[in-house]
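In: coords below, sequence missing:
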C-alpha cells in the first residue's frame, strides 16, 4: 500500500501539483500546496489477531482535503491470513442485516448529523471490508460523504459480535 501511494504521488499528484502551480501563478491565484499523509492505528492486538486501519489524507486544493480509510484484520496463527467480517459471526447467516439494523439504531440517537436518507445510504454504501476489531467488538465505518456531510467525518459504529 505504501508503494502504491508513492507511485501515485510520483506519477500523478506531482504532475498535477506542477500544473496547478503554473496555472495559479500565471493567473494570479494563491499557490496551493498539495499534501499527502498516511497514518495507521492498531485497534486490536490479542490472541494472535491484529486489526488496524489506515487513513490517507490528500489535499489538492479546494475547501479541504479528503481522507480515505482502509482496514485489515489478520490471523497470525493461520499463515498470516487476512480475516473477513464473516469470521466474527460464524453462526449467523443474517449478520449483515443485524449490523445494518444496529447502525440505524445508533444513527437514530443523533440523526441531525447525517443526510436525510441515511437508512437507504447505509444499505447502499455498506462495505463488508470496512471494519476493524476493537476490544469490545467490531467497528463498521463509512467513508466521508457516504452517509453524512464532510463535517461529520468518517462515521463509525461499534457492533457487539459476541
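Out: Ah, there it is. Treat the numbers as computed from the prediction; the structure is a model and nothing was measured.
In: need the strands for this structure, in chain order.
Out: 35-46, 49-59, 66-75, 81-82, 131-134, 137-142, 155-159 (DSSP state E).
In: so what's the residue sitting furthest away from the middle of the chain scoring on pLDDT?
Out: Of all residues in the chain, residue 26 has its C-alpha farthest from the mean position, at 36.9 Å, by C-alpha atoms, centre = their mean. pLDDT for residue 26: 95.
In: hmm, back to that, a markdown table for the strands of the chain, including mean neighbour count and distance to residue 115?
Out: (Glycine included, C-beta is placed from N, CA and C.) A markdown table is the format used below for the strands of the chain (neighbours: other C-beta atoms under 10 Å; distance: least, C-beta to C-beta, whole Å):
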| stretch | mean neighbour count | distance to residue 115 |
| --- | --- | --- |
| strand 35-46 | 13 | 26 |
| strand 49-59 | 17 | 22 |
| strand 66-75 | 17 | 17 |
| strand 81-82 | 12 | 31 |
| strand 131-134 | 21 | 21 |
| strand 137-142 | 20 | 11 |
| strand 155-159 | 18 | 11 |
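In: now the ones you listed as JSON lines including mean pLDDT and distance to residue 108?
Out: Formatted as JSON lines, the strands of the chain follow (pLDDT from 0 to 100; distance: least, C-beta to C-beta, whole Å):
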{"stretch": "strand 35-46", "mean pLDDT": "96", "distance to residue 108": "25"}
{"stretch": "strand 49-59", "mean pLDDT": "96", "distance to residue 108": "25"}
{"stretch": "strand 66-75", "mean pLDDT": "96", "distance to residue 108": "23"}
{"stretch": "strand 81-82", "mean pLDDT": "91", "distance to residue 108": "33"}
{"stretch": "strand 131-134", "mean pLDDT": "98", "distance to residue 108": "21"}
{"stretch": "strand 137-142", "mean pLDDT": "97", "distance to residue 108": "16"}
{"stretch": "strand 155-159", "mean pLDDT": "97", "distance to residue 108": "12"}
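In: can you redo the ones you listed as JSON lines with distance to residue 90?
Out: Formatted as JSON lines, the strands of the chain follow (distance: least, C-beta to C-beta, whole Å):
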{"stretch": "strand 35-46", "distance to residue 90": "18"}
{"stretch": "strand 49-59", "distance to residue 90": "14"}
{"stretch": "strand 66-75", "distance to residue 90": "14"}
{"stretch": "strand 81-82", "distance to residue 90": "16"}
{"stretch": "strand 131-134", "distance to residue 90": "15"}
{"stretch": "strand 137-142", "distance to residue 90": "13"}
{"stretch": "strand 155-159", "distance to residue 90": "15"}
